[in-house]
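**Q** Predicted model follows, preceded by the sequence.
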Amino acid sequence: MDPEAKVKDFLKPTILVDAILAKKNVGTKITDAPLVIGLGPGFYAGRDVHLVVETNRGHNLGRVISKGAAEENTGIPGVIAGFSAERVLRAPADGTLETVRQIGDPVQAGDVVGSVEGLQVQAETKGVIRGLLRDGTSVWKGMKTGDIDPRGIKEHCYTISDKARAVGGGVLEGILSSLNR
């Protein structure tokens, strides 16, 4: 792991994309590379990064912002098959996540996906686990630890989503427009 992104110091990238989706800037600077792109809230184009790509679902998803910021974090997960907040797995306490399931596993409402300090992390809806933090990750109470896709299609866990395609397209648009100036 490289939480401080020290790799950039010896790789010296021409383009750096902060795609950790932390909902805030955790240290990326406009001086990190000749072109720095931040995804989602927490970045301000022209100050923190050169470009921001919108990650909030809706009409502006994937839009390239050359001055200003992405929409603020709503704290509300996107709706999939009629489910929103109930498809998100959250830590019940501060501590270390211990997982007993993995991405792609089917779950029913009430199934245990893991635990934190002996407290269970349970699925609130049925589906397949689409995202899950690594076993042993330090978490805080209420932190998102994973999510469930209520459509229940395991293959969706291993393919690129519509949202990821739109955001990736925005990154590519930003890169190409910058290179063609």
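**A** Great, that's in hand. This is a predicted model, so every value here is computed, not measured.

**Q** May I ask which helix or strand encompasses Val52?
**A** Using DSSP states H and E, Val52 sits in strand 51-53.

**Q** after that strand, next one along is what?
**A** That would be, after strand 51-53 and using DSSP H and E, strand 64-65.

**Q** tell me the average confidence for that following strand?
**A** Taken as a whole, strand 64-65 has a mean pLDDT of 98.

**Q** Just checking: what are the partner strands of that strand?
**A** Its sheet considered, strand 64-65 pairs with strand 51-53 (antiparallel) by DSSP bridges.

**Q** How many residues are close by Ile129?
**A** 23 (other C-beta atoms under 10 Å). C-beta: built from backbone N, CA, C; applies to glycine.

**Q** Any chance of the backbone angles for it?
**A** When quoted as degrees, to the nearest 10, the phi and psi of Ile129 stand at phi -70, psi 120.

**Q** Test my guess that it contacts Ile103.
**A** Yes: Ile129 is within contact range of Ile103, at 5.4 Å (criterion: C-beta atoms under 8 Å).

**Q** got the domain boundaries for this protein?
**A** 7-75+161-179, 85-150 (automatic domain parsing).

**Q** coming back round to it: between Ile129 and Ile103, what contacts are shared?
**A** Cys157 (C-beta atoms under 8 Å, 6 or more residues apart in numbering).

**Q** which stretches of the protein form helices?
**A** All helices of the chain, identified by DSSP state H, fall at 7-11, 162-179.
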